[in-house]
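**Q** Below is the structure, and that's it, no one-letter string:
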């Protein structure tokens, strides 16, 4: 039986303010791989005209863990910051180092769930192969033969015929040369 990981995604968020200066994301589930994909950090509508600095602490709260500032928000100049692309593994702690907030952190909690349903995998593989086969369509083969006069004819579209350069040269357009003739008069 083959094992595959299927991602499960849920919305995660927290509020940092005067009364709640620190919020942690951690999980006790050891059967799955967990990831916190940060999306946005923004100030609430009641934020004061001050700098709000949010720092990130990774790992358990031991002495070797370092805090790194990841956002400096201000109500008038930068009320929101986009943090897409910053993916973290738990445990992670967000701390309001300076300011009174409220600061809202928005993220996506992704857990990779293992499953081993071979039939479901086989069905998915079959569907993908069928879609690929439908995308590839062959064009009809055109039969080209020469008639008695040495000219090629198209058997798929019999009324159509190949035109050589010597036959029926292109006609000149009506507007061609009129300016030159009008200038002579």
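**A** In hand now; what should we look at? Small disclaimer: the values here were computed from a predicted structure and weren't measured.
**Q** quick one: the helices in this structure?
**A** With DSSP state H applied, the chain shows helices at 118-135, 178-184, listed in chain order.
**Q** For the protein, which segments count as strands?
**A** With DSSP state E, the ranges of strands along the chain come out as 4-16, 22-25, 33-43, 51-58, 67-74, 80-82, 87-88, 92-98, 103-115, 144-146, 152-154.
**Q** could I get the ones you listed as CSV with mean pLDDT?
**A** Written out in CSV, the entries for these read as follows (pLDDT from 0 to 100):
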stretch, mean pLDDT
strand 4-16, 85
strand 22-25, 92
strand 33-43, 92
strand 51-58, 93
strand 67-74, 94
strand 80-82, 94
strand 87-88, 90
strand 92-98, 94
strand 103-115, 85
strand 144-146, 57
strand 152-154, 54
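**Q** possible to save those strands as JSON lines with mean neighbour count?
**A** All C-beta atoms are positioned from the backbone trio N, CA, C, and that covers glycine. As requested, the strands of the chain are arranged in JSON lines below (neighbours: other Cβ atoms under 10 Å):
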{"stretch": "strand 4-16", "mean neighbour count": "13"}
{"stretch": "strand 22-25", "mean neighbour count": "16"}
{"stretch": "strand 33-43", "mean neighbour count": "18"}
{"stretch": "strand 51-58", "mean neighbour count": "18"}
{"stretch": "strand 67-74", "mean neighbour count": "15"}
{"stretch": "strand 80-82", "mean neighbour count": "13"}
{"stretch": "strand 87-88", "mean neighbour count": "14"}
{"stretch": "strand 92-98", "mean neighbour count": "17"}
{"stretch": "strand 103-115", "mean neighbour count": "17"}
{"stretch": "strand 144-146", "mean neighbour count": "10"}
{"stretch": "strand 152-154", "mean neighbour count": "14"}
